[in-house]
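Participant: have a look at this prediction, sequence included:
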Amino acid sequence: MKLTTRGHYSVKALLDLSLQPERQPTPVKAIAHRQDLPAPYLEKLLIEMRRAGLVKSVRGSQGGYQLARKPSQISLGQILEAVGETIEPLPRHHSDVEQAEDWVTFSLWKRLHQKMKEALYNITLADLYYDARSWQAAQGEENSFVV
């Protein structure tokens, strides 16, 4: 599995939202500016994540997007799934393989796929937040946060 721009931007946006004090609504342009992302594309991704129940949109002058749940309740797998990322095994491996070596390879990829999927659904925004903060502290960086 390769994390595409779509998945990367989505994770960055939600991680940015997780940093907002008291989870206040944040305008798309503010997230895009802080994370150096194209705002129109980010808006499309946030709409997809709203449909998946990961974020809420708030209208008005103080509006924007905010997390729909606590960061500890949003997994990386849910984010990627919301924007159409797939974590499927290699497409050329089929279960109807004829040679034993091919079957072993297929079985291995199937198991690895399952473990990767489990990991993605067990890693939360809260985990990513603490990992990033630990890295920043080790680098001696201030409170600025760009993923």
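Facilitator: On my side now, so go ahead. Remember, predicted model here, so these are calculated numbers, not experimental data.
Participant: what helix or strand is Ile47 on?
Facilitator: When elements are assigned from DSSP states H and E, Ile47 belongs to helix 39-51.
Participant: any buried residues in the helix or strand where Lys56 lies, and which?
Facilitator: Assigning secondary structure by DSSP H and E places Lys56 in strand 55-58. By neighbour count on 16 or more other Cβ atoms under 10 Å, the buried set for strand 55-58 is Val55. Placement of C-beta: from N, CA and C, glycine included.
Participant: centre of the chain versus it, how much separation?
Facilitator: 17 Å (Cα atoms, centre = their mean, to the nearest Å).
Participant: packing partners for it?
Facilitator: Counting contacts by 3 or more Cβ pairs under 8 Å, 6 or more residues apart in numbering; DSSP states H and E, strand 55-58 is packed against helix 39-51, strand 64-67.
Participant: can you show me the CA trace of that strand as CSV?
Facilitator: Extracted as CSV, the C-alpha positions of strand 55-58 are listed here (Å, rounded to 0.1, in the frame of the first residue of the first chain):
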residue,chain,number,x,y,z
VAL,A,55,-15.8,15.8,10.7
LYS,A,56,-18.7,18.2,11.1
SER,A,57,-19.1,21.4,9.2
VAL,A,58,-20.3,24.6,10.9
